[in-house]
Every structure is written in structure tokens, then in C-alpha cells.
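> sequence unknown, structure follows:
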């Protein structure tokens, strides 16, 4: 094959005595970095040192480092266990580096339970019990400490010669009562709280425990038949509940088909679709304010009532039944049919434009327009009349405001027109007017807010906040008042 | 090391059961030495008759044979005896020699250098455990000794602190409630149920009632010189070793027969997992088994009848004998009844099935079926590993004796000399 020199001679290129790339190589200043194979290095050259870091030679899985490589010397050493009372020396393998005088590391797990002891005197004074002899009490405490207060085992191993048979509760009760008495009667070094806490930890209610055990026994002594019966009853109950739900759903569906969309039956949570059809305003009303129990109480008698039997007025009066006979002109078609409805559903509702003000007004009166606690017919009528009056009032006030504003505007215009006419007299007149209106509402707080709407413009801020209806107009009026004041100055 | 609380002091663990004696180092997972508890002896032994290398015990008129080449080898006039009755050691005379054989001949270690933990069944008597301590301290010169309860050790081997241990051995089945590492003695139940099952199987094999096959001769292979292959159910063709028949003792013959029965039980017998059902039995495949005489046959439904005895007894069994051992469900129910009602659920959800006898085919499944009928929320822990099942007691001892916190409980030689026998009862509760 032709070498590079041959090619050069053919192409008559002068031999590159001093090529920059060839000159660098033999200098040897850049050594092949670690981790790159020789072939790869000869390809990429020394110009790409950044790659070298990434191309670290792949290594085999790292060998586990067992004990740091160095040998660990182990030796068979005799040791003494501090948890033992004798001089038994057992041997085990330990690292030679360990201190032979160290305490045996398992000795610390030898935790001994704190068991109370008492003197003859203490027993005579505090601990006497007609059921227990002193010897048996001592035996109990000994066995309790022997078995580390594992009561089931204590009860199992409890064999006091010539003693009566003791239940687990008897043993526990005696033990804890003795402990409590000892704590109570000994001088206590710490504070009262810790003493009470300790007493609390020795609390034992024998009656309650016995009762609980009785329940446990009863529960475990059920025969398989009883358990089966219990389960069967439970399943039956679940089934009945499900049936009831199913029945309700079916009935409701049926009534919907027969009676139209809004049948107004109790216990029916109407879905959104029907509500939208009825009235978007009512949706809010129902969703928030009507609770089901109330509805049930109210309408239940109406539903139960057999339609033909009780047509006499006396019965109706007695049971507060008011009949709304449908107008005779309506045809008996499905479209004209009025389904049963709640009286409270048909409460008057103010026009949307002024609803806020009317509601505010009613709230000021202490009347809740949306929720009647007892929507009897009389109450409903009352509410209706109040609502009407409020609506009228608000309407009137609006008109009044408008007229007043017009007057103001016109007056201003007149004033500008006059240009230097006696503005003082106009101002005086206005002040007089203000005074006259502010004097009167003191007697009646309620009417004030409504009637003084005109005067609020010039009144002080604290006053204004008293009524919601006046707040509505406050922002533009204050602005107006500001401009007026500026002009007056 | 401290992570799992272990600290090995190279203690020995010795577990003596009816069928075998297990010995090994604490911390191991299997015993090093497993030798039969049964031993052979020749009462009127004469030194001059045998070669010198066998004459280990000189001057003694009775010659004992222990270990794997002990009772299982045929020897002229050799009697066979088991020192265990009803699960506890009734004859202490051969025990030191038996233990010595396991420790010194098989394990090749000296008991005087190792603390030793010995097991005992839950119904062991105080006199018995004191005797065991005496043997260990006085004859083996052990530095420290402890005796632990097999039920408790089985609980530990299963990784539990509280359990209802159902231990089915070779001769005794026991049910012991263990709470926090202590056996509740009031709830302890045991009966010789496995022996009953084995006796029943033996009768079955020897009986002449089956028209399909002749009664089976349970000759051990040691007595058979040659045999020929025969068809199933055909009469076996074999020749006996006539020379041995004269020197064969009754006890050795009986022991060998029992071994054959046991082997048959382990290979063929089983129990249906859903209770006895004639139809279900028909669906199970028959198994072929060949006896040492060469006689072989298929065992169909009768192989399942044997296991039923673990769970229920036919009425005629009670009629003949009022002291019939109780079946397993009764043992368990009675054990639970004696326990505190609050403990019952704990025990029921922590049942440990152990012992070599529990490897009886299908027994674990059947037991769980039977129990779940009475107790809906029971759970049986039965190790799948046969070694763990057979040597559960030893394994628990191995765990216990290698715990760092256990070493304060050893009865040391010094304490033994100071307090005498009473220390055993005080320390090993």
C-alpha cells in the first residue's frame, strides 16, 4: 500500500518537515491519560482531555471489602457475666482488639422488675385484708417478681398451700391494691403529680375487669349456630336496607313519570337536571336552605291523607290543612298538571335587580327571606306582604334618588351658568335641607336607613355604615360630595 | 454480633425423644448427632465369646449397644429397650451411656468443656429433671447446665413467644399453650395417640380380613437371606436366615416389626384433607409398597383409614377400652378451654405444628380443616422443612443457648454444689 510519503511524492507535495500536528506528537509532553485504550487515544489524540474523564476504563464488579483487607485477630476468651451472681466463666470468640475488662454487653438486659416490699408494721397498719393472709400476700409478691408480672403465668403457677382458689382478677386486684396503699402511705420524695402518676399506673378496677372477662367468655362461647344466626341476621338486615332503598327509588321514579317532574315528594334528592328545568333561582334556595327532615314533617300528613274522605272544613282546620283547589278552567292534561309542592318553595322572591337591597332591608328587620322556620300559610302570607312592602319601598327610594340626583345636576348646571351668582344661598339651602332630614331619623332607626338615602351624601362616614341600603350608594355619593365641597370652597 | 443478640459459648444442646436422641452445638441449624434412643443389650454377656475389639466394657455382665449400629444390627440374644415411657425418661440407667455415646463417639467432644442445655417434655416431673442435672454435673462434669421445655423451645424455633404447640412425636402427641416463653400447665394435654395409630396400622398389615391379599409377614431384612421379585399380591418367595432365628429375641423382633410398620406409615399412609369421604378416597391413587420379604401390594383406601385415628375414633374403639387416647381436635379444644379466654385468640392464631409424627402425609391440611370448622380464625404454622419439623425442639434449644441474654440463666457448677437439687426448680421455671 502506498504510504503517506508516496502519495505526497506522486502529488508532488513537499514533504512536510514541520507539520504542526506531527511535530507535537514526539514531544511526549501529553501522556496518554488513564482509562483510555491506546487505540482510542491514537485516534482522538490529546486534544480531547474532557473525554478522558468520561471514558474511564470499565472495571469488573468491585470486590467486596472484607474487614478492610487486614486480618482481624479473634481469640477465644473467657468472660464473666455481671448479670450472674456466681463466678461462672464461659468462653466465646471476640476480636482480640476488644478490651478484656469490658462489661459483658448482654448483662445490661438483665432488667429486674421493681417489686414492693413492706415491713411488719406497714402490713399491720395498711395492708390487712380479710381475704388474704400475710403469708399468701408475700407468696403472691414473690411469684409476681419471679415471673416478671406476667399475670397469665402467675395465675397458672399460683399454688398457695391450703389457700382458696384465686381468679386472675383476685391476684391482680390484691397486688395492685397493696402497691397503691404502699405508695399512698409512704413518704413521697417527689412532687404530687409524679406520685399521682405512679398511683395511676397501679390503678385496677376489678369489677370492670371481671365484667369484661364475662363478655369475652360470652363472645367466645357462642355456638357455631349462634354465630351463623348472628351473621344471617346481619345479612338479612343489610338486604332489607337495600330493598328499602330500591323500593324508594322505584316509587320515586314512578311518581316522576306519573306526576311530572317536580313531584315534591319527601326523601328525594332531586338531581340537577330537574332543578334547572324548574327555576335556576330555586336551585340555590333548595340546595342551601331546605333540610329534609323538616320537609318530611310538613308534608307527611298531606301525603297520607286519603283524598276524598276528609273534605269537611272542621277536619281541615283541626289538621291545618288548606286546600288549593285548582282553577276549574285548567284542562286535565299532563301539561297543565300542577304537581305537589312545598309551600315554602313558592315564596315570593324579589326581582333580581333589587334583590340584594330587599334582602338587606329584610335582614335589617330581622326577617330571613329565604328561610321560614314554620312556613304555615299565615306566615307565608305575612312574609309575602313584608316582601311586597320592602320591594315597594326600595323601588320608591330608587325613584327618589334618581329625582334628587337630577335636581342636583340641574342645580349645579344652573350654578355654573350663573357664574358667580350667590352660591352661598344655595349652599345654605342645602345645609338646611340636610339638617331637617338628619333630625328626624333619630326616632326610628329602621326607617332612617331607607329614608335618609338622599341625605347620606352629606352625612358623616360613621353614620353611613349603619345601613346596607345606604352603603350601596355611598361610593358615588361621597365622590359627589367631595367635588361639591371643593367647589364650595 | 449484637444485632441478633447472639453470643455463642459453644454450648451443647441435647434433646432426648422417644425415637431419637439429638445432640449438637448451639447455634447450628441441625443436630450433629442423631441416634436412636432405643438401645440393645445382651443380658448374659460373656467376655470370652467375642473378639477383643468389641469388649469395651469389661467386667460387666450386661453389654449395651447404642447408636446406629446398636439395636438395628442383629446380635444373638440381644434385647432391645427404650428408656422413654410416655415421653419422659423412665429408666435413667442407660441414659449416661447413651448420652456419652452421642457426645463422645459421634460428636467427639467432651461434655466437661461445654455448657449443656437439655430438653424435657412439659409434663416432666421435678425428680426427673433433678436427676438429669445430677447426671450432667456428676457424671459428665459439665461447667453449666440448663433444662428447657420442648414446647417452649418449639415456640422459639418457630420464631414466636406465644403459641399453641401441637407436638406429635413417635409415641406421644401433646398440645401445650405457651405464653411469653412459659407453658401454661393447666392447658397442657398429651396422649399416646401416635402409638395408637401405629398399633392400628400394624393390625391392618397383619390382619387376615382383606380377601385381596394374604396377611403380611413383617420380617425385618436382617432375618432374610434371599428373596425373589414377585407380582403384586402374589405370595412372597424368600428364604429366612435360619441360623439367626434361634438367637432372635422377642423384643428385638417386635422393635424391627414396629420399624417396618413405621416405614410403611411414612411411605404409604395418609389422611384425607377434607375429612373421611368414601368417594374422595376412591379418587386418590393407590400406592405400591414392597416389604422386606419381597411381598408387594397396592394400598388404596385402607392407607387413608389409618390417619383418621388422629382426628376421630370409631365407636367400637371406645367400647373395648375406656382409656383410649384423645384425638387431636379434642386435645386442642380441651387445652384451649383450660386457658384464659383472652388468650384463646392469641393461641389460635399462633399454632405451631411440630414433631416427626406431624409429617404424616396430609395431617397439617386436615388439622387446619378440622380446626377452622370450630375456630374460624385459626392459623397453623407448620414448617415445610422436615428437619425443622422433626428437630424443632432441638432447634429451639440451639437458638436459646446461643443467645447472649441467656447466659445468665445457666446453672453453674458452683451453684449446683452450693444449692443442690433445688436450684433446678428455681432457675428452670
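Looks like it arrived, so ask away. Computed from a prediction, not measured in an experiment: that's the story for all the values here.
> make it CA atoms for all contacts and neighbour counts henceforth
Will do.
> And the nearest residue to residue B:382 once chain neighbours are set aside, its phi and psi?
Once flanking residues are discounted, residue B:382 sits nearest to residue B:353: 4.9 Å by C-alpha to C-alpha, 6 or more residues apart in numbering or on different chains. With angles defined as degrees, to the nearest 10, residue B:353 sits at phi -100, psi 120.
> Got phi/psi on the closest residue in space to residue B:124 that isn't next to it in sequence?
The shortest distance from residue B:124 to any non-neighbouring residue, by C-alpha to C-alpha, 6+ apart, is to residue B:88 (6.1 Å). Here the main-chain torsion angles of residue B:88 (degrees, to the nearest 10) amount to phi -110, psi 160.
> residue contacts, the residue in chain B positioned nearest to chain A?
For chain B, the residue closest to chain A is residue B:9, as judged by C-alpha to the nearest C-alpha, at 4.8 Å. For residue B:9, the contact set (C-alpha atoms under 8 Å, 6 or more residues apart in numbering or on different chains) comprises A:90, A:91, A:92, A:93, B:114, B:115, B:402.
> and the residue in the stretch 1-150 of chain A positioned nearest to chain B, helix, strand or coil?
Going by C-alpha to the nearest C-alpha, chain B is nearest to residue A:92 of the stretch 1-150 of chain A, at 4.8 Å. When classified by DSSP: H, G, I helix; E, B strand; the rest coil, residue A:92 comes out as strand.
> on that earlier part again, now the residue of chain B closest to chain A: phi and psi?
phi -110, psi 20.
> same question, the one 3 residues further on
According to degrees, to the nearest 10, the main-chain angles of residue B:12 amount to phi -100, psi 150.
> Give me the neighbour count for it.
25 (other C-alpha atoms under 10 Å in any protein chain shown).
> wait, what's in contact with it?
By C-alpha under 8 Å, 6+ apart, the contact list for residue B:12 reads B:23, B:24, B:25, B:26, B:111, B:114, B:115, B:116, B:117.
> let's see 6 Å
Neighbouring residues of residue B:12 by C-alpha atoms under 6 Å, 6 or more residues apart in numbering or on different chains: B:24, B:25, B:26, B:116.
> partners of the first one in the sheet?
For residue B:24, the beta-bridge partners under DSSP bridges are residue B:13.
> show me what contacts it?
Residue B:24 touches B:12, B:13, B:31, B:32, counting by C-alpha under 6 Å, 6+ apart.
> need the contacts of residue B:9 in JSON lines with pLDDT, distance to residue B:235 and neighbour count, can you?
Shown next, in JSON lines, are the contacts of residue B:9 (pLDDT from 0 to 100; distance: C-alpha to C-alpha, whole Å; neighbours: other C-alpha atoms under 10 Å in any protein chain shown):
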{"residue": "A:90", "pLDDT": "90", "distance to residue B:235": "63", "neighbour count": "21"}
{"residue": "A:91", "pLDDT": "91", "distance to residue B:235": "63", "neighbour count": "20"}
{"residue": "A:92", "pLDDT": "91", "distance to residue B:235": "62", "neighbour count": "15"}
{"residue": "A:93", "pLDDT": "91", "distance to residue B:235": "63", "neighbour count": "14"}
{"residue": "B:114", "pLDDT": "94", "distance to residue B:235": "55", "neighbour count": "21"}
{"residue": "B:115", "pLDDT": "95", "distance to residue B:235": "56", "neighbour count": "27"}
{"residue": "B:402", "pLDDT": "93", "distance to residue B:235": "55", "neighbour count": "22"}
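> between those, which is nearest residue A:411?
residue B:402 (110.4 Å; C-alpha to C-alpha).
> now the residue nearest to residue B:382, which residues is it bridged with?
Beta-bridge pairing for residue B:353 (DSSP bridges): residue B:166.
> Tell me, how many residues neighbour it?
By the criterion of other C-alpha under 10 Å, residue B:353 has 28 neighbours.
> Which pLDDT does the model give it?
At residue B:353, the predicted lDDT confidence score is 96.
> Could you check how far it is from residue B:366?
Distance, residue B:353 to residue B:366, using C-alpha to C-alpha, to the nearest Å: 12 Å.
> so where's chain B uncertain?
Residue ranges of chain B with pLDDT under 70: B:1-3, B:45-60, B:320.
> same question, the stretch 51-200 of chain A
Ranges of the stretch 51-200 of chain A meeting pLDDT under 70: A:51-58, A:65-69.
> For residue B:264, which three-state class applies?
Residue B:264 - assigned by three-state DSSP - is helix.
> Next one: the nearest residue to it once chain neighbours are set aside relative to residue B:258, how far apart?
Distances taken as C-alpha to C-alpha, 6+ apart put residue B:289 closest to residue B:264, at 7.6 Å, once the chain neighbours are dropped. Distance of residue B:289 to residue B:258, computed by C-alpha to C-alpha: 16 Å.
> between those two, who's got more neighbours?
residue B:258 (18 against 15).
> Past whichever strand or helix holds the more buried one, which element shows up next along the chain?
Assigned by DSSP states H and E, residue B:258 belongs to helix B:250-267. Sequence order places helix B:278-283 as the next helix or strand after helix B:250-267, per DSSP H and E.
> Give me the buried stretch members for that next one, please.
residue B:281 (16 or more other C-alpha atoms under 10 Å in any protein chain shown).
> and residue B:184, what does it touch?
Contacts of residue B:184 (C-alpha under 6 Å, 6+ apart): A:156, B:177.
> Check the gap between it and residue B:105 for me.
If you go by C-alpha to C-alpha, the gap between residue B:184 and residue B:105 works out to 38 Å.
> Also residue B:425?
Distance from residue B:425 to residue B:105, by C-alpha to C-alpha: 31 Å.
> Just the element for residue B:34, please.
Here residue B:34, judged by DSSP H and E, is contained in strand B:33-36.
> Bridged to the closest residue to residue A:87 other than its chain neighbours, which residues?
The shortest distance from residue A:87 to any non-neighbouring residue, by C-alpha to C-alpha, 6+ apart, is to residue A:80 (7.0 Å). Beta-bridge partners for residue A:80, by DSSP bridges, are residue A:89.
> Tell me where the stretch 251-400 of chain A has helices.
Ranges of helices within the stretch 251-400 of chain A are A:272-278, A:280-289, A:292-304, A:313-318, A:355-365, A:377-418, based on DSSP state H, counting those that start in this stretch.
> What average pLDDT does the fourth one get?
Spelled out, that is helix A:313-318. In this model, helix A:313-318 has an average pLDDT of 74.
> Need the contact partners of it.
Residues contacting helix A:313-318 (C-alpha under 6 Å, 6+ apart): none.
> returning to what we had before: hmm, residue B:166 and the residue nearest to residue B:382 touching each other?
Yes - assessed by C-alpha atoms under 6 Å, residue B:353 is found in contact with residue B:166 at 4.8 Å.
> Give me every residue in the stretch 51-200 of chain A that's in contact range of chain B.
Contact residues (C-alpha under 6 Å from any C-alpha of the partner chain) of the stretch 51-200 of chain A with chain B: A:83, A:84, A:88, A:91, A:92, A:106, A:156.
> Assumed residue B:238 was part of a helix.
No - under three-state DSSP, residue B:238 sits outside any helix and is assigned strand.
> Could you list everything it pairs with in the sheet?
residue B:227.
> What residues of stretch B:249-261 count as buried?
Neighbour-count burial for stretch B:249-261 [16+ other C-alpha under 10 Å]: B:249, B:252, B:253, B:255, B:256, B:257, B:258, B:259, B:260, B:261.
> contacts for that stretch?
Contacts for stretch B:249-261 (C-alpha under 6 Å, 6+ apart): B:77, B:79, B:80, B:202, B:218, B:220.
> Give me the phi and psi for residue B:90.
Taking degrees, to the nearest 10 as the convention, residue B:90 sits at phi -110, psi -20.
> Alright, calling it a day.
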